Each structure stands twice: as structure tokens, then as C-alpha cells.
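> The sequence and its predicted three-dimensional model are supplied below.
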Amino acid sequence: MSAAPPTPPLTARLALGTAQFGLAYGLNNQAGQPTATAVAEVLAAAQAAGLTLLDTAAAYGNSEARLGELAGANAAFELITKLPAGPPAQVVQHLAESLGRLRREKLYGVLFHAFKPLQDEPAAWQALQAARAAGQVQRIGVSLYHPHEAEWLLAEGWDVDLVQVPYNVLDQRFAAVLPRLAAQGVEVHVRSAFLQGLLLREPATLLEFFRPLAPKLTRLRALAAEAGVPLPAALLLFAAYAPGVARAVIGVDSVANLHENLAAAQYVDAAEALRPALAELAEPTDTFILPYAWPPRP
């Protein structure tokens, strides 16, 4: 029998999300948008730690422009950005604008922001195919919100080679389809490992809307504590090493926050042993796991 392949290091399973660089983002965000100095420090620390991929989008406030202004700091990274789907000429224009803001001639990946506009305007896909053929982009795809969208792409046989989906202890809706995507050569990135910070909340402090989740969040904390795995590490590793997943996108707003995430690397084996128990915490109620269904922040 051949030995199992070695587990890839955590840094190879992460992409650094940059929504925080251009927006005040996340349920638990108290500090707002970080300064240019703070962003440069985060990028330097990420590079020193061995991260190689940044995830951004035209819609993330001025995130693309801030990365472009720090071209020296981000030169060591591959970049993924996201565009709205639309008529091919519009897609070409948006891509050119993103490349200009990022001060790059080519990108690792470009995703359409949402599936439905792409399904309604399939010619948009041809514009990304042309960009890939011209060497402007290595991988093209779409950001998905619902498993039926992934099923449609597989059934239609589109030559997608990158998708991003939400995935965390509560939101496991994509669990069955991710290995199938990976088997087709699709690089799967997952986002929302902490569900915008909701999974890190003390159950007793939950807003009224989220109170029904308190028993699961209490159980989650107990499982992590029993296994000796810090809660953030358990959550991040559950997403980053899920079957079929290539990378998890993490958003950070400080160097300390980045190092907290990277410290999860020492718990990989313990977190894998936890996976079956955490898998039982899947939440079937969409309103709790889809942030767009949440009530406005008070």
C-alpha cells in the first residue's frame, strides 16, 4: 500500500481576502477600514509567512486601488479579482479597469461575482475565455451561493476552472458537490469560515434573530475545547481542509489577526479528528447561514 500524500501546509491552503482593505467589513468589525500602513504591514507579514495568493474584487470599495498603490508590497502575490457579468464588451472594459487599478498585466484568476447574471448573459463567459486564451488570466470562474448553481455548471460542461463558495461548520450545503468539482479540475476556494464572525460569538451575546443557533454554538465550543483546539483554528481548518477544497479565503485587518489565523497550523491533525463531530452541526435553515438574509445591523 502506498503511503497517504503529506498534508499540504496551511499557508498553501489559504488565500488572503482583501475586502477589509477597502471596506469596513464583517459582523464583528469595530475598527473600520485599516490604514494604508496597516495594509502594507499585513501584506509584508503574509509574504514572510509564505502566503502567495490575494483575493479581491472591483466591488470591495477601493481594495483594488489600494493593492495597486502597494504594487511593491504585493508583487510577490498572485491575484484573483471579481467582476460583474454583462455584455462581452462591458466585461472586457471591467477587466481592463481592474488590471489598471491593480497595476498588473495578468491575473491568476477572475471570477464573476454571481451566477444568475452570468446565466442570463452567457456571452460574458466568452469574454473571460478570450482573456484566458490571451494570457491575461490563468483561471476563470464564478462565485457561487447555492449548490444548484454548481450542479448546473457541471451538467452544462462549462470549462470553469475556479469557483468560490461559502463553507463553514454551519453552512455545509456544498459538501457533496465540492469533490465532484475538484475531480473535474475546478479549483475550489471557500469563503466565510467564520460566517462573518458569527461562529466566534459567545452564545449568550447573540442577537435575538440568532438565538436559535445558541445550542449549536455552545456544542461547537465544547467540542473544540475537548479536543484542545482553539475555536478559530477549528473553524478555519474545517473549511481549509474540507474534501474537494483547494484554498480557504481569510480576511484579516491586522498583522496580529493574520498570525492568529496562521497559528491554526499546529492543530491540523486534531482538527481532522474533530471533523465528523463538527459535520453534525450543519444548519438546514438558510436564513441563519446566508448573510444576505440577516436583519440589518443595529
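Right, received. Where do you want to start? Numbers count the residues shown, from 1 in each chain.

> Where does the prediction get shaky in the protein?
Scanning the chain with the threshold set as pLDDT under 70 gives 1-5, 24-32, 298.

> Do you have the helices of it handy? List them.
With DSSP state H, the ranges of helices along the chain come out as 19-22, 36-49, 63-69, 71-74, 88-102, 115-120, 123-133, 147-156, 178-183, 214-227, 231-240, 255-262, 268-279, 286-289.

> Would you reformat the ones you listed as JSON lines and include mean neighbour count and distance to residue 189?
Glycine gets a C-beta too; all of them are placed from N, C-alpha and C. Supplementary listing: the helices of the chain in JSON lines, determined by neighbours: other C-beta atoms under 10 Å; distance: least, C-beta to C-beta, whole Å:
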{"stretch": "helix 19-22", "mean neighbour count": "24", "distance to residue 189": "14"}
{"stretch": "helix 36-49", "mean neighbour count": "18", "distance to residue 189": "16"}
{"stretch": "helix 63-69", "mean neighbour count": "22", "distance to residue 189": "17"}
{"stretch": "helix 71-74", "mean neighbour count": "16", "distance to residue 189": "18"}
{"stretch": "helix 88-102", "mean neighbour count": "17", "distance to residue 189": "18"}
{"stretch": "helix 115-120", "mean neighbour count": "16", "distance to residue 189": "15"}
{"stretch": "helix 123-133", "mean neighbour count": "18", "distance to residue 189": "16"}
{"stretch": "helix 147-156", "mean neighbour count": "16", "distance to residue 189": "13"}
{"stretch": "helix 178-183", "mean neighbour count": "17", "distance to residue 189": "10"}
{"stretch": "helix 214-227", "mean neighbour count": "16", "distance to residue 189": "23"}
{"stretch": "helix 231-240", "mean neighbour count": "24", "distance to residue 189": "10"}
{"stretch": "helix 255-262", "mean neighbour count": "18", "distance to residue 189": "15"}
{"stretch": "helix 268-279", "mean neighbour count": "15", "distance to residue 189": "19"}
{"stretch": "helix 286-289", "mean neighbour count": "16", "distance to residue 189": "18"}
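
> can you redo those as CSV with distance to residue 247?
Supplementary listing: the helices of the chain in CSV, determined by distance: least, C-beta to C-beta, whole Å:
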stretch, distance to residue 247
helix 19-22, 16
helix 36-49, 13
helix 63-69, 18
helix 71-74, 17
helix 88-102, 19
helix 115-120, 20
helix 123-133, 19
helix 147-156, 17
helix 178-183, 12
helix 214-227, 22
helix 231-240, 7
helix 255-262, 13
helix 268-279, 15
helix 286-289, 21
